[in-house]
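Asks: How does the following fold in three dimensions:
(4 chains, ligands or ions: 2)
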Amino acid sequence: MKSAIVVFPGTNRERDMAIALKRVTGKAPAMLWHRDTSLPDVDLVVLPGGFSYGDYLRCGAMAAHSPIMAEIRSFAQKGGHILGVCNGFQILTETGLLPGALLRNANLRFLSQDCHLRVERTDTPFTHKWEKGAVFRTPLAHGDGNYTADAQTLERLEGEGLVAFRYAGADGTVRAEDTTTNPNGSINSIAGIISENTRICGMMPHPEDLVDPLMGGEDGLPLFEGLVEAFVR
Amino acid sequence: MKKTVDLSLAQEFGLTPEEYDRVLKIMGRTPSLTELGVFSVMWSEHCSYKSSRKWLRTLPTTAPWVIHGPGENAGVVDIGEGYAAIFKMESHNHPSFIEPYQGAATGVGGILRDVFTMGARPVANLNALRFGSPETPRTRQIIDGVVRGIGGYGNCVGVPTVGGEINFHPAYDGNPLVNAMTVGIARKDRIFLSAAAGVGNPVVYVGSRTGRDGIHGATMSSAEFDENALAKRPTVQVGDPFIEKLLIEACLELMATDAIVAIQDMGAAGLTSSSVEMAGKGGVGIELDLDAVPQREPAMTAYEMMLSESQERMLIVLRPDRTEIARKIFEKWELDFAVIGHLTDTGHIVVKHKGAVEADIPLDPLAEQAPIYDRPATTPVAPAPLEGVHAPLSLDAMLLRLVGSPDLASRAWVWNQYDSTVGGQTVRRPGAADAAIVKIEDTTLGLALTTDCTPRYCRADPKTGGAQAVAEAWRNITATGARPLAVTDNLNFGNPEKPEIMGQFVAAIEGMGEACRALDFPVVSGNVSLYNETRQPDGSTMSILPTPAIGALGVLEDVSKAIGLGMTDGTAVVLVGETRGELGQSIWLREILGREEGPPPRVDLAAEKRNGDFVRAEILNGTISACHDLADGGILVGVAEMVMASRIGCELESPDSGIRPEAFWFGEDQARYLVCVSDAEDFCARAEKAGVPARLIGRAGGSDLILPSGVTISAARLAVAHEAFFPALMER
Amino acid sequence: MKVRVTVMLKEGVLDPQGKAISHALQTLGFPGVNDVHVGKIIELDIAGTDRAAVQKQAEDMARDLLANLVIEDFTVEVLG
Amino acid sequence: MKVRVTVMLKEGVLDPQGKAISHALQTLGFPGVNDVHVGKIIELDIAGTDRAAVQKQAEDMARDLLANLVIEDFTVEVLG
Ligand SMILES: Nc1ncnc2c1ncn2[C@@H]1O[C@H](COP(=O)(O)OP(=O)(O)O)[C@@H](O)[C@H]1O
Ligand SMILES: [Mg+2]
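Replies: Ligands and ions are numbered 1, 2, ... in the order given. The predicted structure is shown next:
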């Protein structure tokens, strides 16, 4: 799998992501600059976490207008695979590549803790290493992760099975009203979604920060291993 | 503002009549307003260390692994494999009282700059916080703002906040303490210093523009607080962590070239202290053209620019033929870059603005004739022995009360607002071990990091308290398996012009120095914050508890050997170290009996070293699976913390120690650890051989803490008591 | 010309900040406060003299960047 | 009565948001934009019929909670 990571001014989890990608591919991903106007030949583009442009105005709003996003849009149109994590997810919604928006966490505080995700769909390049309904642990770290969408969009997401991950208890129960299992207040406990063609995935938590037993576990690894398998070529 | 320079203006600026006299002698004339400003900030307590320097010099600062001790922007130690760790702690106490969010945020920003200015990529932040009584609404506001501010800045710049400490005491009601620590990593042959060199070399300004922020911040932070403090609000600085993040990346990119001769952050007293210190240290002169300074506000005067404390700025002396390379890097990161002067051979700082010379000061006398005071100090009175102590409640009731008390309750509410995993190198997050563990990318090395101080001990007996703070930091690092290397400190005290406060200061340093020497644990950087007092409405002043906060760093050659503090199932729990049952100044005494009395626990540095070296060796040999050092709350609280961290229970044995139960279980004797081992007999035999007291006290297993009496408390129940305090206080 | 763009959350979008302020006002002893909404104001100086053109330009900026129309509405006032 | 409280940073206080937005607008192809300032708007419904009393109450709220007077100024408009 050939991968690339986009760095915006204020991005700060590009190194974490590079470590995770290198771990499964054996090679360092290409690092792209927000002002680049072309993409290298890659299978996967990752928009990593951080505070692009300080997250001033709205998280991801200014990064969504970076020169490189025009390239990423056409990469998406050509069926390219894109993973947006945390700030990357916010950027994907701001560009309209994924629907909905991310509001301030319901408790109005930055949250940095482990959470559990239930895998809702397993026929995608991002999730096929898990069993449907599997639950895994992953860190999250964000101030604006409260996913929302209008009723129509929500209906479509749920109806077409575009919810990839939901916040859950360790036992897999999903309770949207309960902050111990749905920490940021996301609607329907939505933690990650995918595009209709299943090639664009956005999620708030950070599986890339849990890919090494030294750091407390490898629970996030299946996502990256799954991607590599999807691209054997 | 009044513009005539005279004694009364000098006094307004914080200079004494004698100091102003000295200014007149050095200048041979009445100084200009800008010159007076330069003298007043350079001679402020904050920049000149005039009350503390004599005593700071007594601290041990060398060891074979120390690369740079005090005197640089931060301390530098060799951690092996060609790497150096660079670290320092700094206070932002007064700003955090006035505007908690921005005060704390800019505190984090400032200490980050001190570290990356030396060439290090920051890899961890910690903080040491002291707040007033939790009951007052103002305390809650301050906690809320400080925690948001530390998170707001650290999370955005992408440096994980991995540790810290928090205490509450009414003595901090009008004067909270916010001490922030940053640790960075550099190749040890790529360290950047601040001494300027090369007459004619360009002096370059990078980062954010200069506004009228925090003018006279340095002199304000050295002034006692009174009820007018809130009127001084316009001096508050606002931080921009986004710009800081760009500045880190741009500086590190520039540091990978050979363009830099010297570099220094603009901290307190901004352009003044950075230019004066860089030129002074290099023994050269410096000429600044303020017209070239990037400015945020119109019509700024020379005085305002020289004293502004606008954040996120750096001063760099470049090789002249590398100026364009440097400019390109800062343009890429969209930061301001301006050549604002050059080095000269005059030995003077000359400041020009709009064609006029606004300041022309000889640097040597400015530094060499800076006031140094040997202030009168009274020896602290030894506390009376503790008497008349009895336990009013059952052991389990006292334990539940203690684990939920403000100083011992879970801090998860706080650290869950700090990004502790960004960077992907955090091996032990807050709460998982006695020191945080951060791996050094691309190596097997790990750093162990902690901050410690027990102010109630320091008030009762400053010397013992100073030693205890160092010993506890050393013990916390040891408990993870790491080798303690060096210390940074943040000495927070009251008004040094009062002999009893100066006495606390002198005694605390004496204790720290003894401990550092005995433990081979030199001080490589630090910060002093004095005048931490609040004038009360009735005219009296209230001083904070003497708080010499210690930040410490240790190293693990193989980070995979680091252990945490959670109980490991099926192991024997062994107590290492001697227990006499010292309840003086204990948390138990304060929380259960409402008394703050007696002497603090004795600090036996030889025992500390012996016990710690033994425990560390055992950890590295793989015979210890979990370890927790004993401090606040003593043995029973220590056991409960291990149980809560793992949700694995422990069945305790009856001590048969000849010590009263409350003293045995809650005494705060030093130099002790609880360890989980698979073979207690073997372990205790090895301990005995090493001259280290060790005894089996229980077995880990199940999910309940079982007291010797048979009373059972589930891990879950302990956790509920432990975790309630902060949410109940802050989310009401 | 000076322009003020006001951005508010759309009707029906959860406004946790508004809720928190409303709660805090109650506990501070300000009863009788209802329906708190929090929004953003962005004041800009736009080069130009033609009011309508400036208005149009500000609306474009709001649509493109200043507001997220999925969750927010905006209004533009040219202050002159 | 409907009340609008507008909170802006004081003159001279660094406005990181405004700076970043102004910068973004330039690169987005909106030249000629200067001096961007970002503030907060809080709309409330306050029980009462006496305009002056409501105004006064809103000012108290702004001072106590809505604005941080250390770095911010506020204005209150009673919209009726
Ligand atoms: N309490 C202390 N112990 C040891 N060194 C100290 C102490 N206080 C200050 N220093 C050292 O003095 C120097 C100046 O410190 P400081 O004025 O805080 O630096 P900065 O200009 O970066 O703010 C630094 O090298 C610092 O490490
Ligand atoms: Mg410095």
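Asks: can you pull up the bridge partners for the spatially most central residue of chain B?
Replies: Using CA atoms, centre = their mean, the residue of chain B that lies closest to the mean C-alpha position is B:Met89, 3.7 Å off. B:Met89 has the following beta-bridge partners by DSSP bridges: B:Met181.
Asks: That one and B:Glu312, how far apart?
Replies: Applying CB to CB, to the nearest Å, the value for B:Met89 to B:Glu312 is 20 Å. Placement of C-beta: from N, CA and C, glycine included.
Asks: Check B:Cys458 too.
Replies: Separation of B:Cys458 from B:Glu312 (CB to CB): 34 Å.
Asks: Can you list the helices and strands that the host helix or strand of B:Gly37 packs against?
Replies: In the assignment (DSSP states H and E), B:Gly37 maps to helix B:33-42. Here helix B:33-42 touches helix B:7-12, helix B:17-27, helix B:217-220, helix B:270-282, helix B:302-307, strand B:356-362, helix B:363-368, going by 3 or more CB pairs under 8 Å, 6 or more residues apart in numbering or on different chains; DSSP states H and E.
Asks: which stretch in these is the model least sure about?
Replies: Mean pLDDT is lowest for helix B:217-220 among the helices and strands packed on helix B:33-42, at a mean of 57.
Asks: hang on, the earlier thing: could you export the helices and strands packed on helix B:33-42 as TSV, including distance to ligand 1?
Replies: Converted to TSV, the helices and strands packed on helix B:33-42 look like this (distance: least, CB to the nearest ligand atom, whole Å):
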stretch	distance to ligand 1
helix B:7-12	22
helix B:17-27	18
helix B:217-220	9
helix B:270-282	6
helix B:302-307	15
strand B:356-362	18
helix B:363-368	13
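Asks: what's the closest of those to chain C?
Replies: helix B:302-307 (24.2 Å; CB to the nearest CB).
Asks: And the contacts of that closest one?
Replies: Helix B:302-307 is contacted by residues B:33-34, B:37-38, B:41, B:210, B:212, B:215-216, B:269-272, B:290, B:293, B:295, B:351, B:353, B:358-359 when judged by CB atoms under 8 Å, 6 or more residues apart in numbering or on different chains.
Asks: so what secondary structure elements neighbour the helix or strand that that helix is followed by?
Replies: For helix B:302-307, the following helix or strand on the C-terminal side (DSSP H and E) is strand B:313-318. Strand B:313-318 sits against strand B:202-207, helix B:241-255, strand B:260-265, helix B:270-282, with contacts defined as 3+ CB pairs under 8 Å, 6+ apart.
Asks: and the third one, how far out from the chain's middle?
Replies: In terms of CA atoms, centre = their mean, to the nearest Å, the gap separating the centre of strand B:260-265 from the centre of its chain is 24 Å.
Asks: Same question for stretch A:136-143.
Replies: 11 Å.
Asks: Backbone dihedrals for residue 200, please?
Replies: Here I'm looking at chain A. When read as degrees, to the nearest 10, the backbone of A:Ile200 gives phi -120, psi 130.
Asks: ok, now how distant is it from ligand 2?
Replies: Distance of A:Ile200 to ligand 2, computed by CB to the ion, to the nearest Å: 45 Å.
Asks: got a list of what that residue touches?
Replies: Here A:Ile200 is in contact with A:76, A:81-84, A:92, A:97-98, A:194 (criterion: CB under 8 Å, 6+ apart).
Asks: Span of stretch A:141-153 from start to end?
Replies: When the termini of stretch A:141-153 are compared using CA to CA, to the nearest Å, they are 26 Å apart.
Asks: Likewise for stretch B:421-433?
Replies: End residues of stretch B:421-433 are separated by 15 Å (CA to CA).
Asks: name the element A:Tyr167 belongs to?
Replies: Following DSSP H and E, the helix or strand that holds A:Tyr167 is strand A:163-168.
Asks: That strand pairs with which strands?
Replies: By DSSP bridges, strand A:163-168 pairs with strand A:111-119 (antiparallel), strand A:190-194 (antiparallel).
Asks: Identify the residues contacting the shortest one?
Replies: Just to be clear, that refers to strand A:190-194. Strand A:190-194 is contacted from outside by A:89, A:98-100, A:115, A:117, A:121, A:124, A:126, A:147, A:157, A:162-167, A:200-205, using CB under 8 Å, 6+ apart.
Asks: coming back round to it: wait, which of the contacts of A:Ile200 is closest to B:Pro484?
Replies: Distance to B:Pro484 across these (CB to CB) is lowest for A:Leu83, with 41.4 Å.
Asks: which residues does that closest one form a beta bridge with?
Replies: On the basis of DSSP bridges, A:Leu83 is bridged to A:Val46, A:Cys201.
Asks: related to what we said a few turns ago, would you convert the helices and strands packed on helix B:33-42 into CSV that also reports mean neighbour count and distance to B:Arg483?
Replies: Shown next, in CSV, are those (neighbours: other CB atoms under 10 Å in any protein chain shown; distance: least, CB to CB, whole Å):
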stretch, mean neighbour count, distance to B:Arg483
helix B:7-12, 15, 50
helix B:17-27, 16, 45
helix B:217-220, 25, 37
helix B:270-282, 25, 32
helix B:302-307, 25, 43
strand B:356-362, 18, 46
helix B:363-368, 16, 37
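Asks: Among those, which comes closest to B:Asp374?
Replies: Nearest to B:Asp374, of those and by CB to CB, is helix B:17-27 at 14.2 Å.
Asks: Who are the packing partners of that closest one?
Replies: Packed against helix B:17-27 by the contact rule (3+ CB pairs under 8 Å, 6+ apart) you find helix B:7-12, helix B:33-42, strand B:356-362.
Asks: List of residues touching that helix?
Replies: Contacts of helix B:17-27 (CB under 8 Å, 6+ apart): B:7, B:10-11, B:15, B:30-31, B:35-36, B:39, B:43, B:361-362, B:365-366, B:369, B:371.
Asks: Provide the strand pairings for the strand ranked longest in chain C, with the direction of each partner.
Replies: Once chain C is assigned using DSSP state E, the strand that runs over the most residues is strand C:33-46. The strands beside strand C:33-46 in its sheet (DSSP bridges) come out as strand C:2-9 (antiparallel), strand D:33-46 (antiparallel).
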